[in-house]
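1. can't give you the sequence, but here's the structure:
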């Protein structure tokens, strides 16, 4: 398996820790951020191949963050996590509805399985 640089963004600490563990166990290089604003600052020192962001956060939301990532890093895979299905068509990113399974998240980020 190829390892990747992954940036995880979520304002829920427990969710962020769980995703961090999931990807680190697979050997990926992971950075985490509790907010979109902090994630943007991380982009100066860490260039991710995949950015996974929650939709609903204080301040800048996940859609805004992933649009910024698309402009700055057009080759990065972008994944939006949300319980709100109406966001799906509003951004050029992959969408994963909550609740999601770890296998679904891994497949989407690692680009394996059906349609990849």
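-> It's in. As the structure is a computational prediction, the values presented were derived from the model and not from experiment.
2. What segments of the chain are helices?
-> 13-25, 36-42, 62-72, 102-110 (DSSP state H).
3. contacting residues for residue 7?
-> Neighbour list for residue 7: 30-33, 39, 42-43, 46, 48, 50-52 [criterion: C-beta atoms under 8 Å, 6 or more residues apart in numbering]. C-betas here are computed from N, CA, C, even on glycine.
4. So which of those residues belong to strands?
-> Judged by DSSP state E, the contacts of residue 7 include 30-33, 50-52 as members of strands.
5. For the chain, spot the helix or strand the model is least confident about on average.
-> strand 94-97 (a mean of 81; mean pLDDT, DSSP states H and E).
6. Can you lay out the contacts of residue 7 as JSON lines showing distance to residue 5?
-> Output for the contacts of residue 7, formatted as JSON lines (distance: C-beta to C-beta, whole Å):
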{"residue": "30", "distance to residue 5": "8"}
{"residue": "31", "distance to residue 5": "8"}
{"residue": "32", "distance to residue 5": "12"}
{"residue": "33", "distance to residue 5": "13"}
{"residue": "39", "distance to residue 5": "13"}
{"residue": "42", "distance to residue 5": "11"}
{"residue": "43", "distance to residue 5": "11"}
{"residue": "46", "distance to residue 5": "7"}
{"residue": "48", "distance to residue 5": "5"}
{"residue": "50", "distance to residue 5": "7"}
{"residue": "51", "distance to residue 5": "10"}
{"residue": "52", "distance to residue 5": "12"}
